[in-house]
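[1] return atomic coordinates for the entry below.
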Amino acid sequence: MRDFSYYCIMAGIYIHIPFCKSKCGYCGFYSLPSLKLKDRFLEALKAEIVARKNYLNGENVHTIYFGGGTPSLLTLEEIRELLHLINIHFPVAENAEITLEANPDSLSLEYLEGLHKIGINRLSIGIQSFFDNDLQYLSRKHDSNHARQCLNWAKQAGFENISIDLIYGLPTSNAEQWNRNLDLFFEYDLPHLSAYALTLEPNSILTKQIEQGKALPVNEEEAIRDYAILCHRAAENGYLHYEISNFCRRGMHSKHNASYWFGTPYLGIGPSAHSFDGASRQWNVASVEQYTAASRRCEEARRSNPEDSFPRLPRFARNDAKRVQEKELLFPEQIYNEYVMLRLRTHWGIDLKWLKREMGERFSTYCEEHAQPLIAQGRLSQTREFLYLTDEQMLFADGVAEELFS
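    Sure, this is the predicted structure:
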């Protein structure tokens, strides 16, 4: 039976670490394949943490998430200093979920033991595949043996809350190999899996290689096949499919990511990081150079007006059209559309009672009326006061959401 009860989701902080040893062919996230700006970046990052200490209005922080990029390229001392600074300026809950994304090629037993000692209590490891032909296609720097070794080390270091990433729909794989990837995941008895279809980002290296005939093209039918295998095997092994790309043992969902889907306020620190306060969205410039160049001006603005907890960051001298941070006030229609889009990605779906209570009868009635044709077509499901997508329907969540948009 489908469970529509909610988890308790609280405010969180996301920290973007924009450095990698090298750029993976498929990656569309902002990162630099170099560490030469790391020291300047860390100083700017610390300045932003202090400058935005009141953004969450004193609400307890229940999740901290180091994403990237490759956060595991930071030293233990650098991570410890950032956590210490956050604890000074934000009320961090005693049992906060603190996640660090890591690539296998940057992990060792000693490093993992150190992470555990300084307070990291959840790992998200970018395995992507346990097969070398897949890893080579994706331009990953680790091999399958090291991927397995990292999982053994993580458990040895004391980590229990471990998630891994796997990618399906790879032209170097087949149904048998994808099943074997899942076999290995289940054999390690990990509490969480993030599994993504290979998506070709417009400006990625892999996209250009495929266009030039230098890499195998992606087959959408094979991705659909792998997704069906994934959903079946996860359910068979007792994992809850709680978001399109995420599966967990009961109660082991990513609390941080769930805050995005439930519309909870969160603060994003670092270049390209996004923030949300319930009424507006902010995002930082996707450039380490511009981010670090502006940090001193941001600090000066904060010092000149200490009552302003979140100063308007100055324009860059070179390009007056760009700011360190952009801000967008959200209209009710935008809030409704984002709610529909995000909640249809989840196990819980759209709560019509919440819509009526929080946004008014106009939106709840509009949503119900536009949902009926989709339900009749078998593209959307309904129970009690919820509209949701089954595993099969989730593949087409974006199209369904568009038809419910205001």
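[2] the nearest residue to H192 once chain neighbours are set aside: how many residues sit nearby?
    Using CB to CB, 6 or more residues apart in numbering and skipping residues adjacent in sequence, the residue nearest H192 is S163, 3.7 Å away. The C-beta positions use only the backbone N, C-alpha and C, and glycine is treated the same way. Here the number of neighbours of S163 (other CB atoms under 10 Å) works out to 23.
[3] pull the contacting residues for H253.
    Y7, H192, L240, Y242, N246 (CB atoms under 8 Å, 6 or more residues apart in numbering).
[4] coming back round to it: from what I see, the residue nearest to H192 and F185 are in contact.
    No. The pair S163 / F185 is not scored as a contact, 10.3 Å apart, by CB atoms under 8 Å.
[5] picking that back up, out of the contacts of H253, grab the one that's most surrounded.
    Neighbour counts for the contacts of H253 (other CB under 10 Å) peak at N246, which has 24 neighbours.
[6] I'd say that residue and K255 touch.
    No. The pair N246 / K255 is not scored as a contact, 11.9 Å apart, by CB under 8 Å.
[7] keeping just the C-alphas, turn stretch 147-155 into PDB.
    C-alpha atoms of stretch 147-155 as PDB (Å, rounded to 0.1, in the frame of the first residue of the first chain):
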ATOM      1  CA  ALA A 147      35.100   1.500  -6.400                       C
ATOM      2  CA  ARG A 148      34.500  -1.700  -4.400                       C
ATOM      3  CA  GLN A 149      37.500  -1.000  -2.200                       C
ATOM      4  CA  CYS A 150      36.100   2.500  -1.300                       C
ATOM      5  CA  LEU A 151      32.800   0.900  -0.100                       C
ATOM      6  CA  ASN A 152      34.700  -1.500   2.100                       C
ATOM      7  CA  TRP A 153      36.800   1.400   3.500                       C
ATOM      8  CA  ALA A 154      33.700   3.500   4.100                       C
ATOM      9  CA  LYS A 155      32.100   0.700   6.200                       C
END
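[8] tell me the buried residues in that stretch?
    Across stretch 147-155, burial judged by 16 or more other CB atoms under 10 Å covers A147, R148, Q149, C150, L151, W153, A154.
[9] residue contacts, the second one?
    When contacts are counted by CB under 8 Å, 6+ apart, R148 touches F130, L184.
[10] am I right that it sits in a helix?
    Yes. Assignment of R148 by DSSP: H, G, I helix; E, B strand; the rest coil places it within a helix.
[11] report pLDDT for G278.
    Here the pLDDT value assigned to G278 is 87.
[12] let me see the contact set for the nearest residue to it once chain neighbours are set aside.
    Distance criterion CB to CB, 6+ apart; nearest residue to G278, sequence neighbours excluded, is P265 at 5.4 Å. By CB under 8 Å, 6+ apart, P265 lies in contact with A11, L56, N57, E59, F276, D277, G278.
[13] so which of those residues wins on neighbours?
    Taking other CB under 10 Å as the neighbour criterion, A11 ranks highest of the contacts of P265 with 22 neighbours.
[14] give the bridge partners for that one, please.
    When bridges are called by DSSP bridges, A11 pairs up with V61.
[15] just checking, it touches F262?
    No. In this structure A11 lies outside contact range of F262 using CB under 8 Å: 11.1 Å.
[16] tell me the pLDDT of Y7.
    As predicted, Y7 sits at a pLDDT of 59.
[17] just the helices from the stretch 251-400 of the chain, written as ranges.
    Using DSSP state H, counting those that start in this stretch, the helices of the stretch 251-400 of the chain run over residues 255-261, 288-304, 332-343, 352-359, 361-376, 391-394, 397-404.
[18] and the third one, what does it pack onto?
    So that's helix 332-343. Packed against helix 332-343 by the contact rule (3 or more CB pairs under 8 Å, 6 or more residues apart in numbering; DSSP states H and E) you find helix 255-261, strand 350-351, helix 352-359, helix 361-376, helix 397-404.
[19] any idea of the angle the last one forms with helix 332-343?
    Yep, that's helix 397-404 we're talking about. Using axes from the mean of the first three to the mean of the last three CA atoms, to 10 degrees, the direction of helix 397-404 lies 150 degrees away from that of helix 332-343.
[20] can you put the helices and strands packed on helix 332-343 in a markdown table and add mean pLDDT, mean neighbour count and distance to E220?
    As requested, the helices and strands packed on helix 332-343 are exported to a markdown table (pLDDT from 0 to 100; neighbours: other CB atoms under 10 Å; distance: least, CB to CB, whole Å):
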| stretch | mean pLDDT | mean neighbour count | distance to E220 |
| --- | --- | --- | --- |
| helix 255-261 | 91 | 22 | 25 |
| strand 350-351 | 95 | 22 | 27 |
| helix 352-359 | 93 | 16 | 33 |
| helix 361-376 | 96 | 15 | 22 |
| helix 397-404 | 96 | 16 | 14 |
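[21] JSON lines for these, including distance to G25?
    JSON lines is the format used below for the helices and strands packed on helix 332-343 (distance: least, CB to CB, whole Å):
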{"stretch": "helix 255-261", "distance to G25": "25"}
{"stretch": "strand 350-351", "distance to G25": "36"}
{"stretch": "helix 352-359", "distance to G25": "41"}
{"stretch": "helix 361-376", "distance to G25": "36"}
{"stretch": "helix 397-404", "distance to G25": "24"}
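[22] which one of these lies closest to N174?
    With CB to CB as the measure, helix 397-404 is the member of these nearest N174 (26.1 Å).
[23] give me the contacts around the closest one.
    Helix 397-404 is contacted by residues 244, 337, 340-341, 344-345, 350, 367, 370-371, 373-374, 379-380, 389, 393 when judged by CB under 8 Å, 6+ apart.
[24] ok, 7 Å please
    Helix 397-404 is touched from outside by I244, V340, M341, L344, R345, C367, H370, A371, L374, R379, L380, L389, with contacts defined as CB atoms under 7 Å, 6 or more residues apart in numbering.
[25] next one: the closest residue in space to the third one that isn't next to it in sequence from Q393, what distance?
    It refers to M341. Computed as CB to CB, 6+ apart, the closest residue to M341 that is not its neighbour in sequence is A401, at 4.5 Å. According to CB to CB, to the nearest Å, A401 and Q393 sit 11 Å apart.
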